[in-house]
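sequence plus predicted model, see below.
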Amino acid sequence: MTQSTNFSPATPKQQIGLVSAVAIGTASMVGAGVFVVFRDAVLLAGPWFYLALFLAAVLASLNAAAVYQLAAQVAKPGGVYAYARKYLNETWSFIAGFSFVAGKIASIGAIGLVVASYLNSTFSVPLAIALIFLLTALNIFGIQRTATAAKLISISVIGFFLVAILLGFGRVDQLNWSNLDLTFTSNPDDAFFATLSATSVLFFAFAGYARVATLGDDVINPKKNIPKAILISLILVVFLYAAIAALLILQLGSELLISEAPMASLFTNMGLSIDPVVSLMVSIAGLGSMLALLAGVSRTAAEMASDRELPQVFSRKNRFGSPWLAELVVASGACVLVMTGQLIWVIGFSSFSVLLYYAVGQFSALRQPMIERTMPKNLNWLGLALALVVAISVPGPALLVSGLLLALVLGLRKMVRRA
């Protein structure tokens, strides 16, 4: 008997199964961010680090569930931009689309800085810019990541971390945990805000979790396998992150707070000089994530341009099907952020915009009729509230600058529409 779904009735020629869907979800999350976010999160939250990790995982889970509920009903590309256009209005849709593009541009910049810092910390900024434009050229000529590539990235990076965990936990200093707690630099009176700020930083390392939710009928038996893939990939990544964080704390202690390349410092501390291997793993994870982000962001910008929410020139595609001008603009925006040289600020910009994007997604899900729902409304309200609270807690100037930028583009959009 054929199982009915809310996805497109046309069955694609090639579909992926549960294992491949989990690989895509895991690979989308385990990018370069995991190699660096723990330092800043521990510095911010101190002894409350694991609470921040838990909150980031809950937030990711709620957002992924909402996106799945929406994706089951809207087949158009564009993610929450398309969903808000159906269930809210064009203004909310524009806010979602602009936030997604801005947030992912910042993600590309942040991942570029992470990869470059492991390859050559002295020239990290120019190297990150070179990597971004190299990957942009690959995307413009139609080279995109596939499920097979996602599997290879997942196996390589997770295998690397498992080896690190197996080797590392046999050589730890238990005193490092208590010593690190003593280095908690945030004002104890601001511990709640500091924990939320750390949550926003850790949320960056979960970016990509909703990729599975938008696969639709590219997955065999999507109504059953997509929720399973989301849950399995999130559980795997949470346990992996928790173990890596514990290992870094127990191995490095207070050194974790000053290391620009924590995973490299970890192996050096264990007496293993394998910096080239660490750099290779960072490159595999980071470049794979950047390649996928460049493709996804440019196509969202092209979709917005076709709806006249952005200049229509951004919707132009070359003979390889790539929106080449949108790709170049996205790459240029990422490079501008890279030139700040402040990784924690760039992560803050990314997290704020992406959280605002998912807040619009939760709002859209709340407007769906009961017959379309797969999760209780209370969970949508919780996801909306948590996304907004964490968004206003991002570190650096991201809240102020992003808020002003969004207000500016909304004002310009209104003026153009009146003209």
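Yep, it's here.

just checking, what packs against the helix or strand hosting Leu134?
For Leu134, the host element (DSSP states H and E) is helix 124-140. Applying 3 or more CB pairs under 8 Å, 6 or more residues apart in numbering; DSSP states H and E, one finds that helix 124-140 makes contact with helix 90-119, helix 275-306, helix 324-338. All C-beta atoms are positioned from the backbone trio N, CA, C, and that covers glycine.

separation between the residue nearest the centre of the chain and Ala27?
The centroid of the chain falls nearest to Ala207 when counting by CA atoms, centre = their mean (1.7 Å). Here the criterion is CB to CB, to the nearest Å. By it, Ala207 lies 12 Å from Ala27.

if we can go back for a sec, the residue nearest to the centre of the chain - that's part of a helix, no?
No: counting by DSSP: H, G, I helix; E, B strand; the rest coil, one finds Ala207 to be coil, located in no helix.

tell me if I'm right that it and Ser353 touch.
No: at 11.0 Å, Ala207 does not count as touching Ser353 under the criterion of CB atoms under 8 Å.

next secondary structure after the least confident helix or strand in the chain by mean pLDDT?
Every helix and strand of the chain was ranked by mean pLDDT, DSSP states H and E. The lowest is helix 175-181, at a mean of 57. Of the helices and strands lying after helix 175-181 in sequence (DSSP H and E), the nearest is helix 191-204.

could I get the average pLDDT for that next one?
The average pLDDT for helix 191-204 rounds to 87.

list the helices and strands the helix or strand following that helix packs on?
Next helix or strand after helix 191-204 toward the C-terminus (DSSP H and E): helix 222-252. Other helices and strands packing on helix 222-252, by 3+ CB pairs under 8 Å, 6+ apart, are helix 18-29, helix 37-45, helix 49-71, helix 147-168, helix 175-181, helix 262-269.

which of the ones you listed sits closest to Val278?
Of all the helices and strands packed on helix 222-252, helix 262-269 sits nearest to Val278, with 4.8 Å by CB to CB.

can you pull the contacts of Thr268?
Asp275 (CB atoms under 8 Å, 6 or more residues apart in numbering).

tell me the pLDDT at it?
On the pLDDT scale, Thr268 gets 82.

what's the answer for Ser353, then?
The model's pLDDT for Ser353 equals 91.

burial of it, as a residue count?
26 (other CB atoms under 10 Å).

CA-only coordinates of stretch 66-79 in CSV, if you can.
Taking C-alpha atoms only, stretch 66-79 is exported to CSV below (Å, rounded to 0.1, in the frame of the first residue of the first chain):
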residue,chain,number,x,y,z
ALA,A,66,8.5,23.9,13.0
VAL,A,67,10.3,24.0,9.6
TYR,A,68,9.3,20.3,9.0
GLN,A,69,5.7,21.2,9.7
LEU,A,70,5.9,24.1,7.3
ALA,A,71,7.9,22.3,4.6
ALA,A,72,5.3,19.5,4.5
GLN,A,73,2.8,22.0,3.1
VAL,A,74,4.9,24.4,1.0
ALA,A,75,6.9,23.0,-1.8
LYS,A,76,8.5,26.2,-3.0
PRO,A,77,12.2,26.9,-2.4
GLY,A,78,13.2,29.7,0.0
GLY,A,79,12.5,28.1,3.4
